[in-house]
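> Return atomic coordinates for the entry below.
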Amino acid sequence: MRMLAFLLVLLSMPLCAQTPLTLRVVDKVDGRPLPYATVLIKRTARGTITNTDGYFSLPANAEGDTIRISFVGYQTSFLAVNDLRDGQQIALLRSSQELREVTIRPDDEVYRRIAAIARDLHRTPAVEGRMFFGMETYSDTLPVEMIHGYYNARTVGARLNGITLKQGRIGIAPKDDRYYINYNTTRAFALMDIQGEESPYPHSPLRFTKAADLKRGFHAEVVSTGSGPGAVDHLRVVPRAHNPEAFTLDLWVEPRTEWVRALELQCTNCPKHPFIPLFEHGRIDTVDLRYRQTWTTSGWRQPEVMELTLRVAYTGPDFSEAYRTHAVMHLFDSRSKFIEPLFAFSGDLPDYLRMNWLPEDTAFWERMHPPLPTARQQRDMEFLRNNDLRDGQWLLRLGPDSRYLASNYARWHPTERVLLQGVATQVPTEPFQRTRISELTGEHAIYIGPLPVNLVAQIYLDLDTVNGTLLHRSATVLDGNHSFDMVTDQPWSAAFHNIWFDLCELERRELEKRLDQPGTNLLRAKALHAEFTARLKALTQRYLEETAYGDRFSGLGPWNERVKKELGIDNLALFGF
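Residues are numbered from 1 along each chain as shown. As a prediction, the model looks like this:
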């Protein structure tokens, strides 16, 4: 089984739709659908975007509200929801009808204006909010990968400055016995710093804040200017012949200002990019890239929609494929943030290693809907459900390559036993001394060296408040990033590990009882989680000491009896003792 793996990304947007009202946004003159037009519900300041066919949906609870629909180059439309009917087309008037073509010439004023735009972007303050992320990758017309995720996001100027995962899910399927893996797509977005001095992508003209510096490497021109409601000026910046490692930039800016409405970077056969094969049995031949931002027209200035279209040509020993990824990010709510799960991830993990073990919250996904899918996307959503990454069977077919995608976290399950060797990655470093006594011969031996056993579990706790009610979901998770057992000469080691993990599960169940008590609010829930985190550490230390770090078989008995009584699991019997 072969695998292909790079960075990528795609996104969409959400509304808490219940009984949706389906509408379509089109051009008033030719009826062309307007993809990724932004739709804002005035009362809640939350929104969605249209899909590639111009459709979007409104929830039933939007009745009596007003929506604002905007699209770059068109007049913004305000509509009362009560006046809309299901299936209605909403026609936007193109502001560009009033645009006058300008003679394209290398005017120094254009360079000064673009440099001023770059300086203005640097001054744009940070904005935080809730974001939907999604991605879909196709080989020809066959879907091979889909990712959906919800995040708290932070933007600074034109850059995605940080994201924290709330919930995510991944679906993948092979083509000709090969998987295509976008290993860390959100990282690809974070690396797109269009004003940074150093970037793994081609250089952006917006890195220059002085007209003279910009002019040395780029040719700037006015494509058109506009006037009237919703009008924009269209500017274009093209790299000069001696500057091949640079993007072509298109800017749509409010007339007589430096306020960006949209920007687009693109390159064909990009000479510089951050995408690399994860494995050695293939190479990337070409990458074509288009990256677009659409900015808000009211409230806090921020890139509201970010699009990435990527075409990758990949060649291996006996195949040559082209993969197309389309990605959209929508920062749909800048007034609030998700309650982030209480869990200490280890380092900057790739998307796959964060999502492939997460407990799925069905109720959450029912509350948070991406934009109305197209007919093709509706069909492919079945792909996402039928090829859920959590299934795990696909991982078994990967052989040695599975080490890149296997999670170092394991959730407790009543009918499955953990094997620490298949989860743990840490190695001991701290000095440790103990006396080992053989229970078979009574012989004593002094051990001096690194700590031989370290068992770490966490309680994953996801919290939400819905209509004033606190919702909570939890899971007991073995943290393989910090767990290890260097004692390999005891036949009961597997029982030793699983008895401990079952004891951790008992602590989680006690936490759930406390969370269910009347009057428990968000602050109390967080305090309880901190209390039980400390309890897990104390329990683990006591267990290790009473079992002599797994050496003393007789020490396992009382703990096994407790687990057997409360969970009905007899680990000693299961492992042949």
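> quick one: pLDDT of E561?
You'll see E561 listed with a pLDDT of 97.
> Compute the number of surrounding residues for it.
For E561, the neighbour count with other Cβ atoms under 10 Å is 13. Where you see a C-beta, it was placed from the backbone N, CA and C, and this is true even at glycine.
> what kind of secondary structure is it in?
Secondary structure assignment for E561 (DSSP: H, G, I helix; E, B strand; the rest coil): helix.
> And it, how close does it get to T476?
20 Å (Cβ to Cβ, to the nearest Å).
> same deal with V466?
24 Å.
> higher neighbour count, the two?
Between V466 and T476, counting by other Cβ under 10 Å, T476 is the more crowded of the two (23 against 11).
> which residues pair with that one across the strands?
I459 (DSSP bridges).
> And L478, how far from N454?
L478 sits 12 Å away from N454, going by Cβ to Cβ.
> just D83 next, same as before
64 Å.
> what about the residue lying closest to R123 once chain neighbours are set aside, how many residues close to it?
Leaving aside its sequence neighbours, R123 sits nearest to G157 (Cβ to Cβ, 6 or more residues apart in numbering; 7.8 Å). G157: 21 surrounding residues under other Cβ under 10 Å.
> G157 contacts I117, correct?
No: at 11.1 Å, G157 and I117 do not qualify as touching, with contact defined as Cβ atoms under 8 Å.
> ok, back up a step: looking at D83 and N454, which is more packed in?
N454 (22 against 8).
> Got phi/psi on that one?
Taking degrees, to the nearest 10, you get phi -140, psi 120 for the backbone angles of N454.
> Identify the bridge partners of it.
N454 has these beta-bridge partners by DSSP bridges: F484.
> Tell me how far it lies from L34.
56 Å.
> Low-confidence regions, the stretch 151-300 of the chain specifically.
279, 299 (pLDDT under 70).
> Break down it into its helices, ranges please.
185-190, 211-217 (DSSP state H, counting those that start in this stretch).
> Tell me which of those sits most buried.
Most buried of those, by mean neighbour count (mean count of other Cβ atoms under 10 Å): helix 185-190, with a mean of 23.
> Off-centre distance for that helix?
8 Å (Cα atoms, centre = their mean, to the nearest Å).
> Are there helices or strands packed against it, and which ones?
If contacts are counted by 3 or more Cβ pairs under 8 Å, 6 or more residues apart in numbering; DSSP states H and E, helix 185-190 sits against strand 126-139, strand 142-156, strand 159-172, strand 303-316, strand 319-333, helix 351-355.
> The lowest-mean-pLDDT helix or strand in the chain: what's the following helix or strand?
The weakest-scoring helix or strand in the chain, judged by mean pLDDT, DSSP states H and E, is strand 2-6 (a mean of 41). Note on strand 2-6: by DSSP states H and E, the next helix or strand toward the C-terminus is strand 21-27.
> Buried residues of that next one, list them for me.
Buried positions in strand 21-27, judged by neighbour count with 16 or more other Cβ atoms under 10 Å: 21, 23-27.
> next structured bit after that strand?
Per DSSP H and E, the helix or strand that comes after strand 21-27 is strand 38-41.
> mind listing the helices for the stretch 401-550 of the chain?
Counting by DSSP H, counting those that start in this stretch, the helices of the stretch 401-550 of the chain are 493-515, 522-546.
> taking the ones you listed together, which one is wrapped up most tightly?
Greatest burial across the helices of the stretch 401-550 of the chain, using mean count of other Cβ under 10 Å, falls to helix 493-515, with a mean of 20.
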